[in-house]
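Novice: Okay, here's the prediction I keep looking at, along with the sequence it came from:
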Amino acid sequence: MGVTTLNEESTSPIAPKRIFKASIVDSHNLIPKLMPQVIKSIEITQGNGGAGSIKQINFAEGSHFKSLTYQIDELNQETYTYNYTLIEGGALTENLEKITYEVKFEPTPEGGSVSKVTSKYYTKGDFSLKEEDIKAGKEKVVGMYKVVEAYLIENPDAYA
């Protein structure tokens, strides 16, 4: 088994508390409303939404994937830290055992935030990931955060 690690950072004018609440804690409610053409629903299939819970994302008709399932490993609303493991569907192929994500939002001096994301792709056997496959998945996640960011800019009282 091999592990490919990718580190990403991006900035936002939105404070960590608001973007964390909207994009992580309340994602199952907000994301399907903001992106119904992509995400049909996000369901908590086990647990209460905190660490140990299982969530399933159901994609809209015509999507490349039907669904994906992930386990929340850590959700800390004090440190704005969110760790989860993709365990079924979506980008997991016969060559990937799992994908883990570590997300942390930190404040900036200007009142916004920096999101730091570490993704680890655990491959099976001698399989080697292609950079374009990783980029495609990353761009979809970044796109979702940008939609949430735009919503929060347009609705300054939301998730305050």
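Specialist: Okay, I see it.
Novice: in the longest helix along the chain, what counts as buried?
Specialist: For the chain, the longest helix by residue count, based on DSSP state H, is helix 131-154. Neighbour counts over helix 131-154 (16 or more other C-beta atoms under 10 Å) mark 134, 137, 144, 145, 147, 148, 149, 151, 152 as buried. Every residue, glycine included, has its C-beta placed from N, CA and C.
Novice: helices or strands next to that helix in the packing?
Specialist: Applying 3 or more C-beta pairs under 8 Å, 6 or more residues apart in numbering; DSSP states H and E, one finds that helix 131-154 contacts strand 2-12, helix 16-20, helix 27-34, strand 113-123.
Novice: So which of these is nearest residue 72?
Specialist: Judged by C-beta to C-beta, the one of the helices and strands packed on helix 131-154 that comes nearest to residue 72 is helix 27-34, at 10.7 Å.
Novice: relative to helix 131-154, how tilted is that closest one?
Specialist: Inter-element angle recorded for helix 27-34 and helix 131-154: 90 degrees (by axes from the mean of the first three to the mean of the last three C-alpha atoms, to 10 degrees).
Novice: Which positions in helix 27-34 come out as buried?
Specialist: For helix 27-34, the neighbour count (16+ other C-beta under 10 Å) marks 27, 28, 30, 31, 32, 34 as buried.
Novice: of these, closest to residue 59?
Specialist: Distances from residue 59 to these, taken as C-beta to C-beta, are shortest for residue 32 (10.3 Å).
Novice: ok, residues contacting the lowest-mean-pLDDT helix or strand in the chain?
Specialist: Among the helical and strand segments of the chain, the one scoring lowest on mean pLDDT, DSSP states H and E is helix 131-154, with a mean of 83. With contact meaning C-beta atoms under 8 Å, 6 or more residues apart in numbering, helix 131-154 is reached by 4, 6, 8, 10, 12-14, 18-19, 22-23, 30-31, 34-35, 91, 115, 117, 119, 121, 158-159.
Novice: among those residues, which ones are buried?
Specialist: Burial by neighbour count, judged by 16+ other C-beta under 10 Å, picks out 4, 6, 12, 14, 18-19, 22-23, 30-31, 34, 91, 115, 117, 119, 121, 159 from the contacts of helix 131-154.
Novice: what about the spatially most central residue of the chain, distance to residue 80?
Specialist: In the chain, the residue lying closest to the centroid (C-alpha atoms, centre = their mean) is residue 141, at 6.0 Å. Noted for residue 141: a distance of 17 Å to residue 80, by C-beta to C-beta, to the nearest Å.
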